[in-house]
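Enquirer: Predicted structure and sequence below. I'll ask about it afterward.
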Amino acid sequence: MGAVLPLLALRAFTETTRLGSLKSAAERMGVTPGAISQQIRLLEDRLGVTLLTRNRYGVQLTEAGESLYPGLSRGFGQIESALLDLEVLTRANSLNISTQSSFASSWLVPRLADFNALHPDIDVRVQSTAELADLHRDPVDIALRHGLGDYPGVESIPLFAPVLLPVASPGLLACGPALDEPQDCLHYPLLQDADRADWTLWLQAHGVEPDLRSRRGPSFDEDLLLLRAAVSSQGIALVQAQHAEEDIRHGRLVVAVDRPWPSRFAYYLVARKEKLGQPPIRAFVDWVRGQIESGASSSRHASESDPKYVLEGR
């Protein structure tokens, strides 16, 4: 075996093992699966051992591969981490934020003007994606995630836990039966989340025994799509309350039944622990916390003076 091994072949092996398939590794590295396969064969020829075997589920490490992978994974991880740290130094006043499109459009983007006014020297870039950013590999400083807060290897700061609220277009409700109790929603088409679970859980939380109707209807993987379907009178959508605020405020949607239900999922601000002290990230964390605190205060005052606050939005 030569003293120098091809770096590209080492990375092809590492990415294939980490991601579980040649295709995923090829997408990550911007080449074809055939090129990845060729690089792994080259590495195996140089080492004189078989590192990976293929089966119908993907790839599987041999004993030699299991011995090699951990060290290579740590090495490439350190390289990528060092490059990200260097990138931070070269763009000290920029801030890359990754979040879901529904949260970006309904909560973050409408408020960003305030942050920009307070910190005109920080260049904010928002990446709207359903994919979870890898904060150790991707050029992302902060991720705003919706989940249970269990994100190993990074720092999770809880922000707020949303409630789910049934909303529909005024036109749809004007033509249908009265909606007085949660079970009355079953008389309307229901717009479903991707797992077709929210309506069943919401009905059960309000003492209603769900039937087949609670899982029927078109499903969508984003609240933004659910809202658009609801605005076009396709049915009742069960969405996070803050996502529906603008449509409710402009009269495109109304609350079908005023029975908000707390979701066990919450929003978290996620970042690498060692980055939290950097000025742009610290400024954004403080700003987000301030926005949430002022929003909670506004909600309390509005609900005390106007019992229809939840219906009318802010």
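Expert: Arrived safely, thanks for sending.

Enquirer: For Asn116, which non-adjacent residue is closest in space?
Expert: Distances taken as C-beta to C-beta, 6 or more residues apart in numbering put Val124 closest to Asn116, at 6.8 Å, once the chain neighbours are dropped. Any C-beta I mention is one placed from the backbone N, CA and C, and that applies to glycine too.

Enquirer: What's the first helix or strand after the host helix or strand of that neighbour?
Expert: Using DSSP states H and E, Val124 sits in strand 123-128. Sequence-wise, the next helix or strand downstream of strand 123-128 (DSSP H and E) is strand 142-147.

Enquirer: could you say what helices and strands that next one packs with?
Expert: Helices and strands touching strand 142-147, as assessed by 3 or more C-beta pairs under 8 Å, 6 or more residues apart in numbering; DSSP states H and E, comprise strand 94-99, strand 266-271, helix 279-305.

Enquirer: can we see that at 6 Å?
Expert: strand 94-99, strand 266-271 (3 or more C-beta pairs under 6 Å, 6 or more residues apart in numbering; DSSP states H and E).

Enquirer: any chance of those in a markdown table, with mean pLDDT and distance to Arg56 too?
Expert: Listed next are the helices and strands packed on strand 142-147 as a markdown table, based on pLDDT from 0 to 100; distance: least, C-beta to C-beta, whole Å:
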| stretch | mean pLDDT | distance to Arg56 |
| --- | --- | --- |
| strand 94-99 | 91 | 33 |
| strand 266-271 | 90 | 35 |
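
Enquirer: Out of those, the one nearest Gln78 is which?
Expert: strand 266-271 (19.0 Å; C-beta to C-beta).

Enquirer: Run the chain-centre distance for the closest one.
Expert: Counting by C-alpha atoms, centre = their mean, to the nearest Å, strand 266-271 is centred 10 Å from the centre of its parent chain.

Enquirer: Restrict that strand to CA atoms and write it as PDB.
Expert: Taking Å, rounded to 0.1, in the frame of the first residue of the first chain, the C-alpha atoms of strand 266-271 are listed here in PDB:
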ATOM      1  CA  ALA A 266     -42.400  23.200  20.000                       C
ATOM      2  CA  TYR A 267     -40.200  25.500  18.100                       C
ATOM      3  CA  TYR A 268     -36.500  25.600  19.000                       C
ATOM      4  CA  LEU A 269     -33.500  27.700  18.000                       C
ATOM      5  CA  VAL A 270     -30.700  25.400  17.300                       C
ATOM      6  CA  ALA A 271     -27.000  26.200  17.000                       C
END
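
Enquirer: what bits of this structure have low per-residue confidence?
Expert: Within the chain, the set of residues satisfying pLDDT under 70 comprises 1-4, 87-92, 295-314.

Enquirer: mind listing the strands for it?
Expert: 52-55, 58-61, 94-99, 123-128, 142-147, 155-160, 163-168, 190-193, 219-220, 236-240, 254-255, 261-262, 266-271 (DSSP state E).
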